[in-house]
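# Just the structure for this:
(3 chains)
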Amino acid sequence: MSIDLIEIYNRLLNRFGKQNWWPAETEFEIIIGAILTQASNWRNVERAIINLRENDLLSPKAILGVDENKLKELIRPAGYYNEKAKKIKAFVRFLHENYDGNLDKFLGLDAEKLREELLSIYGIGPETADSIILYASNKPSFVIDAYTKRIMSRLGLANEDTSYHDLKKFFELRLPKDLEIYKEFHALLVELGKTHCKVRPKCDECPLNDICESQNERDI
DNA sequence: GGCCAGGACACCA
DNA sequence: TGGTGTCATGGC
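Numbering: from 1, shown residues only, chains lettered A, B, ... in the order given. Sure thing, here's the model as predicted:
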């Protein structure tokens, strides 16, 4: 099967424009956001990040020193705050113990080693790891999320049980290994997912409508 | 008032 | 390795 992912990319880019992800001021903020946004609404995550910023906690050192219960209270709006507080703590402890708390040193690892290290940290799975590699470490590692799986499934290019690894390779084998394309494409797929390719799809006006197998109301 | 959101992990068979 | 339960707030 030949499918032109660049064609899809260009359509999304023309429709939605450049997304300029990741919305954050620092690399550490990207990492915190990547953990906080797990299975959560980004608007809620923003509230949590604002709370952290107002308390000067957007640095590894500050997070390392803050009381975990205090951390939980501040990130509460993001949901799953007990779990996420543990995950955030786990990350800064790992950084402290293995890289002297030096984030630049850690993010300077080559992509393969960085991914391996990230996946060894509690609370960081494939998607969060790839998000950190792509947007914080600025190395091309394609991110697969729930929206991407759904969109690919609706397009007939994947099943619901297609593995993360296989879907990731599907994109990486068909796209130029270009940092900006990787960044934008993932952001654009999320935007499409939010606006059209939802659980209850709004296929009208979808830029991929003509090449989508599901058309309307196919329950996946 | 129910559904859903930019996942990961523990536990089980 | 695959399926299921759990974690939780807030917008729509």
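
# Let's verify the closest residue to residue A:121 other than its chain neighbours: helix, strand, or coil?
Counting by C-beta to C-beta, 6 or more residues apart in numbering, residue A:121 lies nearest to residue A:94, which is 5.0 Å off, once chain neighbours are set aside. For glycine as for every other residue, the C-beta is placed from the backbone atoms N, C-alpha and C. Three-state call for residue A:94 (DSSP: H, G, I helix; E, B strand; the rest coil): helix.

# interface residues of chain A facing DNA strand C?
A:39-41, A:43-44, A:47, A:76-77, A:79-84, A:161, A:163 (C-beta under 7 Å from any atom of the strand).

# The residue nearest the centre of chain A: what's it in contact with?
In chain A, the C-alpha nearest the mean C-alpha coordinate belongs to residue A:131, at 4.3 Å (C-alpha atoms, centre = their mean). Neighbour list for residue A:131: A:22, A:30, A:34, A:143 [criterion: C-beta atoms under 8 Å, 6 or more residues apart in numbering].

# how about low-confidence regions in chain A?
Where chain A drops to pLDDT under 70, the residues are A:1-2, A:214-220.

# closest point of it to DNA strand B, which residue?
Here the residue of chain A nearest DNA strand B is residue A:125; by C-beta to the nearest atom of the strand that distance is 2.4 Å.

# got a list of what that residue touches?
residue A:119.

# cool, residue A:138 as well?
Contact analysis of residue A:138 by C-beta under 8 Å, 6+ apart lists residue A:179.

# What strand or helix carries it?
Following DSSP states H and E, there is no helix or strand that holds residue A:138.

# Distance-wise, check it relative to residue A:27.
Distance of residue A:138 to residue A:27, computed by C-beta to C-beta, to the nearest Å: 9 Å.

# Next: residue A:170.
28 Å.

# Identify those among the contacts of residue A:131 that sit within strands.
Applying DSSP state E to these, no entry is found in strands.

# Can you name the two of those residues that sit furthest apart?
Maximum pairwise distance among the contacts of residue A:131 (C-beta to C-beta): 12.2 Å, between A:30 and A:143.

# The two: which is more packed in?
residue A:143 (27 against 20; other C-beta atoms under 10 Å).

# gap between that one and residue A:200?
In this view, residue A:143 and residue A:200 are 24 Å apart by C-beta to C-beta.

# and what of residue A:120?
Distance, residue A:120 to residue A:200, by C-beta to C-beta: 38 Å.

# quick one: which of those two has more around it?
Per other C-beta under 10 Å, whichever of residue A:120 and residue A:200 has more neighbours is residue A:120, with 11 against 6.

# what sits against the more buried one?
Applying C-beta under 8 Å, 6+ apart to residue A:120 gives the contacts residue A:94.

# and the gap between it and residue A:18?
Distance of residue A:120 to residue A:18, computed by C-beta to C-beta: 34 Å.
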